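*Asks:* With the input below, show me the fold.
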Amino acid sequence: MIALLGLGMVTVFLFLVMTKRLSPMVALVVVPAAFAVLGGFAPDLGDMITDGIKSVAPTAAMLLFAILYFGIMIDAGLFDPITRAVVRLTRNDPLRLIVGTVALVAVVSLDGDGTTTFMITVSALLPLYKKLGISPVLMTGLACLTNAILNVVPWGGPSARAASALGLDPQELFVPMILPLVAGLATVFVLAWMLGLRERARVRSGELVLAGAGGPSTPSTGGGTGDFADGDFDVLAPDRESLRPKLIWFNAALTAALLVGLIVGVLPIAVLFMLGTGLALLVNYPRLAQQRTRIAAHADSVVSVVSMVFAAAVFTGVLSGTGMIEQMAHYLLTAMPDGLYPFFSVIVAVLSVPFTFFMSNDAFYFGIMPILAEAGAQHGIAPIEIARASLLGQPIHMLSPLVPAMYVLIGLAKVDLGDHHRFAIKWALVVSAVVIATGFALGVISIH
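*Replies:* Prediction:
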C-alpha cells in the first residue's frame, strides 16, 4: 500500500511538473504533503519535513553563496578580459572563433547559471558570427554542449539536486567526476576544431552553405548586430558602474584559491563560498550601499534556486519518513532480473541520457533518482555511485525543451529550435557516451 502511495505521489508530481500545471517548487511542497495526509502520516508530517530541511541546509547555503560569489565576479569584470581576448584572437578566422566559443562558455559557465553564460556569449560573439557569415547554430549548439558539462559543478543545478535528494556532500559527489567531465569537454573542443576547419575552408572558398555537421543549409539571416549595438545588453558594458579593473588580479587569485580549496577539501564547500563572498564584497564593494546593490542584483537567481532546494526537503522528507522509497525500491528489486544488478550503475548512467532530456532536473533528481538509489543500496551499491551515474548523462540536458536557458540562448541568437536540435542532439549523444565511458573506465561507475 505504501509503495503504491509513493508511486502515485511520484507520478502526480511528474505529471504536474512536466505538463506545467504547477511550478516545480509548488509541486515539491504541495504534492508530498497531500499524499502524506492521505496516507495517514499527518501527525508526523512536521518532523519529516524538518528532517528533510536539515539534510539540505548545507547544500542550500552552498548554492546561495556560490551564486552570489560568481555573480559578483561577473559584475566586477573578472571574465571581461577573457571575453574580449576571445574576440580579439578570432582575427576573422572561423576556426579561432568556433574554438574560442567553447573556451569562453567553459570559463563563464563556472558561475553555474546557464542564462548568464548565454547572455555573455551571444552578446560578445554573435556579431562576429554574422560578420563572417557563419550560422549561429554552431554557436548555440556548442554553447549548450559546453554549458551542460560545466553545469555539473557542485553549485550547478544537477549536482545540487542530486546531493539534496540523497543527502550527500556535493564536494564528495563531484570531485571523482572531474576527469570524466574533462574528457567530455575535450570532446567538445575536438568537435569545435573539426567544425572550425570546415567553416574556414567554406569561408575561404566563398561558399554560402553551412559545411556539414547537420546544421541548416544556409546561415540564419534573422536579426542583426544592432541588438547589441543599441545597448540592450549591458552584461559586458565597458563603462558599467560595478567594474573593478584594478582588483582583477585579486579576484582571479581569490577564485583560483576557492576552486583549489574545493578540490582539496580544506573546508566544507559552503564555508568556502561564504568566506569567498564576504571577501569579494568587502574588497570590491566596501560601502554598504554598494554591497546591497550587488546582492539585490542577484536576488532573483538566489531566491529561485535556494527556495527550490528547501521545497525539495518536503518531497525527500516525506519519501524517506513514510517509508515510501524503501517499499518502491523493494518492488523494483523484485521486478528487475538479478542478472542485471551487477550492471545497475551503468544502466542508470545510460538511462540518465533520455531521462534528463525528456524530464526536468527537478522531476528526475527528486522523483526518480531516489528510487533508483534505494534499489541500488539494497543490492550493495552506494547511493553516491548512483548519484554520479545519474549525472553522467547531463551533456544532453541543456538541449531539453524543458530548460528555460536554452530558449534564452536561441532567442538572443535568433536561431530556429529545429535547426538547433538537428545540429546539437547527435553531438550531445556522442559527448554523453564519452563521459559515461570515461566514468566507467576510471571507476566512477562500476560493475559489481
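
*Asks:* can you give me the helices in the stretch 51-200 of the chain?
*Replies:* Using DSSP state H, counting those that start in this stretch, the helices of the stretch 51-200 of the chain run over residues 80-90, 94-108, 114-132, 136-150, 157-166, 170-174, 178-205.

*Asks:* wait, the stretch 201-350 of the chain
*Replies:* Assigned by DSSP H, counting those that start in this stretch, the helices in the stretch 201-350 of the chain fall at 226-229, 248-264, 269-284, 288-297, 299-321, 324-335, 344-358.

*Asks:* and residue 311, how many neighbours does it have?
*Replies:* 23 (other CB atoms under 10 Å). Where C-beta positions appear, they are placed from N, C-alpha and C, glycine not excepted.

*Asks:* ok, now which ones touch the residue nearest to it when sequence neighbours are not counted?
*Replies:* The shortest distance from residue 311 to any non-neighbouring residue, by CB to CB, 6 or more residues apart in numbering, is to residue 28 (4.0 Å). Residues near residue 28 by CB atoms under 8 Å, 6 or more residues apart in numbering: 13, 308, 311, 312, 314, 315, 362, 366.

*Asks:* Then residue 281?
*Replies:* 72, 291, 294, 295.

*Asks:* Check what pLDDT the nearest residue to the last one once chain neighbours are set aside gets.
*Replies:* I take that to be residue 295. Computed as CB to CB, 6+ apart, the closest residue to residue 295 that is not its neighbour in sequence is residue 68, at 6.7 Å. pLDDT recorded at residue 68 is 87.

*Asks:* What of residue 122?
*Replies:* pLDDT, residue 122: 81.

*Asks:* Equivalent analysis for residue 33, please.
*Replies:* pLDDT at residue 33 comes out at 92.

*Asks:* what about it, neighbour count?
*Replies:* Residues near residue 33, counting by other CB under 10 Å, number 19.

*Asks:* can you pull the alpha-carbon coordinates of the strand or helix carrying it into CSV?
*Replies:* Using DSSP states H and E, residue 33 sits within helix 24-38. Output of helix 24-38 as CSV, limited to C-alpha atoms (Å, rounded to 0.1, in the frame of the first residue of the first chain):
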residue,chain,number,x,y,z
PRO,A,24,8.3,22.7,-9.6
MET,A,25,8.6,24.5,-6.2
VAL,A,26,4.9,24.4,-5.6
ALA,A,27,4.6,20.8,-6.7
LEU,A,28,7.5,19.8,-4.4
VAL,A,29,5.7,21.2,-1.4
VAL,A,30,2.0,20.5,-2.1
VAL,A,31,2.1,17.0,-3.6
PRO,A,32,4.1,15.2,-0.9
ALA,A,33,2.2,17.0,1.9
ALA,A,34,-1.1,15.9,0.4
PHE,A,35,-0.1,12.3,-0.1
ALA,A,36,1.3,12.2,3.5
VAL,A,37,-2.0,13.3,4.8
LEU,A,38,-3.8,10.9,2.5
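
*Asks:* Could you tell me how far it lies from the centre of the chain?
*Replies:* 25 Å (CA atoms, centre = their mean, to the nearest Å).

*Asks:* swap in stretch 155-165?
*Replies:* 9 Å.

*Asks:* mind checking how far the closest residue to residue 15 other than its chain neighbours is from residue 319?
*Replies:* Setting aside the residues directly before and after it, residue 15 is nearest to residue 21 in space (CB to CB, 6+ apart), at 7.3 Å. As judged by CB to CB, to the nearest Å, residue 21 and residue 319 stand 21 Å apart.

*Asks:* So between the two, which is more surrounded?
*Replies:* Under the neighbour definition other CB under 10 Å, residue 21 and residue 319 were set side by side, and residue 319 has more, 27 against 11.

*Asks:* ok, now which ones touch that one?
*Replies:* 6, 9, 32, 325, 370.

*Asks:* Out of the residues you listed, flag the one nearest to residue 47.
*Replies:* residue 32 (13.8 Å; CB to CB).
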